[in-house]
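Undergrad: sequence unavailable; structure follows:
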């Protein structure tokens, strides 16, 4: 007498899908066509502040400002290699342009220095007003033929620029994916199959966004950037490859996170003053610096868990992390203000990163070394900081007259170069 074979629910589901495969083909084909037609129906929201809850102080402040004040367009335009007399004539010509309300220019060093003139322009309309955009175009037309550098938000579409950049990134990623598949697949027929899966997933993802009414331009731009390598390795049973991917992601997440700690701890105050014109913003950066490694870890480990099909686990862990952050909002902000919220962010990201690592460790036997991934990069960052300050002392005195932001950016680049060089040298010695 044969024993009755019992099947798990997942086996039954798999058998049902295989038996009804033609119906599933039709359903996916119809869904694909529907989503492809719906992509253009997705409304893109270019205002990130609209996602703020209505009761937050920031949202209420922005609403009051929009109701009570009108933010007129402005621009800073610098013209190099001209005499003061020529710059004075140009300022008068710019002020005569329709739509330009005021041009601030004088003989002080704030507006004329080293044969360069800085014009501060104010316009009659808002930044998005077509008349203001036309006036700005006329300003640039009047200055045609000079060495001109402008700083303004008038006539600039950040979402369009981001979309264009993401298109280039996607094209490069597509070429890389095809090349990798050609060298790693067991059969050339696997390549078109994987490409069909990737394209279908992207179309389904982008096409279903219309359900939400509107999505942010950032979400719309990065929705098609898929990382299929972990899912591909799991489907082919390459456990060693998955372990290697986890170890590599863990290592480089910590490398980058430790570098960011050094950058924001050392240069947080200069960045706060030069970018936000507020020293307190620099102190906030120094606190958030310790968040960087956990942000990288949570993002990369969460992506790997999703690639392994553990979406339910990542959802629950993200929910728990958000609840922890909400607890700090309710308990810490009334007593400690913004610093209570920053500590809540640090605690929630630390919790999320550790939970993702714990879940991965239960499923993938990856290896990690506290010396190689934490202590070594921290020591190399300390050495890079010493080298940075030693080299900074050799700079000429004229470097002190540079704008604070440019000077800070160059110092960050120098520190990053020293850190990267030391990491590379340590890697070569290890081999």
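TA: Happy to help now that I have it. Here the structure is a predicted model, which means the values were calculated and not measured. Numbering: from 1, shown residues only.

Undergrad: which parts of the stretch 1-150 of the chain are helices?
TA: 9-19, 21-38, 57-68, 84-95, 130-142 (DSSP state H, counting those that start in this stretch).

Undergrad: cool, the stretch 151-300 of the chain as well?
TA: With DSSP H, counting those that start in this stretch as the criterion, the stretch 151-300 of the chain has helices at 158-184, 190-207, 217-222, 229-235, 239-276, 279-288, 292-307.

Undergrad: rank these by mean pLDDT and give me the bottom one.
TA: Least confidently modelled of the helices of the stretch 151-300 of the chain is helix 217-222, at a mean of 48 by mean pLDDT.

Undergrad: nearest residue to residue 378 other than its sequence neighbours?
TA: Among residues not flanking residue 378 along the chain, residue 258 sits closest, at 5.7 Å (Cβ to Cβ, 6 or more residues apart in numbering). All C-beta atoms are positioned from the backbone trio N, CA, C, and that covers glycine.

Undergrad: wait, residue 349
TA: Residue nearest to residue 349 in three dimensions, not counting chain neighbours: residue 294, with 4.1 Å by Cβ to Cβ, 6+ apart.

Undergrad: before we move on, back to that, comparing the helices of the stretch 1-150 of the chain, which comes out most buried?
TA: Taking mean count of other Cβ atoms under 10 Å as the contact definition, the stretch among the helices of the stretch 1-150 of the chain with the greatest mean neighbour count is helix 130-142, which reaches a mean of 17.

Undergrad: checking the closest residue to residue 243 other than its chain neighbours next. Helix, strand or coil?
TA: Sequence neighbours aside, residue 366 is the residue nearest to residue 243 in space, at 4.5 Å (criterion: Cβ to Cβ, 6+ apart). Judged by DSSP: H, G, I helix; E, B strand; the rest coil, the three-state class of residue 366 is coil.

Undergrad: report how many residues lie close to the residue nearest to residue 378.
TA: With neighbours defined by other Cβ atoms under 10 Å, the count for residue 258 comes to 22.

Undergrad: so who does it touch?
TA: By Cβ atoms under 8 Å, 6 or more residues apart in numbering, the residues touching residue 258 are 293, 374, 377-378, 381.

Undergrad: what's the distance between it and residue 385?
TA: Using Cβ to Cβ, to the nearest Å, residue 258 is found at 12 Å from residue 385.

Undergrad: please apply the same query to residue 17.
TA: From residue 17 over to residue 385 (counting by Cβ to Cβ), the distance is 57 Å.

Undergrad: for residue 125, same thing?
TA: With distances taken as Cβ to Cβ, residue 125 is found 48 Å from residue 385.

Undergrad: go on, residue 142?
TA: Note on residue 142: its distance to residue 385, by Cβ to Cβ, is 48 Å.

Undergrad: go on, residue 130?
TA: Following Cβ to Cβ, the distance that separates residue 130 from residue 385 is 50 Å.

Undergrad: right, and residue 355 touches residue 320 too?
TA: Yes. With contact defined as Cβ atoms under 8 Å, residue 355 reaches residue 320; the gap is 7.3 Å.

Undergrad: coming back round to it: rank the helices of the stretch 1-150 of the chain by mean pLDDT and give me the bottom one.
TA: Across the helices of the stretch 1-150 of the chain, the stretch with the lowest average pLDDT is helix 57-68; it has a mean of 74.

Undergrad: name the helices or strands packed onto it?
TA: In this structure, helix 57-68 packs against no helix or strand, with contacts taken as 3 or more Cβ pairs under 8 Å, 6 or more residues apart in numbering; DSSP states H and E.

Undergrad: what residue, apart from its backbone neighbours, is nearest residue 408 spatially?
TA: Nearest one to residue 408, counting by Cβ to Cβ, 6+ apart, is residue 270 at 4.4 Å.

Undergrad: next, count neighbours for residue 263.
TA: As a burial measure, the neighbour count of residue 263 was computed by other Cβ under 10 Å and equals 21.

Undergrad: residues in contact with it?
TA: Taking Cβ under 8 Å, 6+ apart as the definition of contact, the neighbours of residue 263 are 289, 412, 415-416.

Undergrad: got a list of what residue 368 touches?
TA: 247, 250-251.

Undergrad: so which elements touch the lengthiest strand in the chain?
TA: Taking DSSP state E as the assignment, the strand of the chain that covers the most residues is strand 116-126. Taking 3+ Cβ pairs under 8 Å, 6+ apart as contact, the helices and strands that strand 116-126 lies on are strand 72-80, helix 84-95, strand 100-104, helix 130-142.

Undergrad: try 6 Å
TA: Secondary-structure packing of strand 116-126 (3 or more Cβ pairs under 6 Å, 6 or more residues apart in numbering; DSSP states H and E): strand 72-80, strand 100-104, helix 130-142.

Undergrad: residues near residue 338, how many?
TA: Residues within reach of residue 338, counting by other Cβ under 10 Å, total 12.

Undergrad: which one is it nearest to, not counting chain neighbours?
TA: Counting by Cβ to Cβ, 6+ apart, residue 284 is the residue found nearest to residue 338 once chain neighbours are left out, at 6.7 Å.

Undergrad: how close does the one you found sit to residue 145?
TA: Using Cβ to Cβ, one obtains 44 Å as the distance from residue 284 to residue 145.

Undergrad: same check, this time on residue 345
TA: For residue 345, the distance to residue 145 under the criterion Cβ to Cβ works out to 50 Å.

Undergrad: likewise residue 115?
TA: Computed as Cβ to Cβ, the residue 115 to residue 145 distance reads 16 Å.

Undergrad: who has more neighbours out of these two?
TA: Neighbours per residue, other Cβ under 10 Å: of residue 115 and residue 145, the larger number sits with residue 115, 14 against 6.

Undergrad: for the more buried one, give its distance to residue 90.
TA: When Cβ to Cβ is the yardstick, residue 115 and residue 90 sit 13 Å from each other.

Undergrad: what about the nearest residue to residue 112 once chain neighbours are set aside, distance to residue 114?
TA: By the measure of Cβ to Cβ, 6+ apart, the closest residue to residue 112 outside its immediate chain neighbours is residue 84, 5.6 Å from it. Between residue 84 and residue 114 the distance is 11 Å, computed by Cβ to Cβ.
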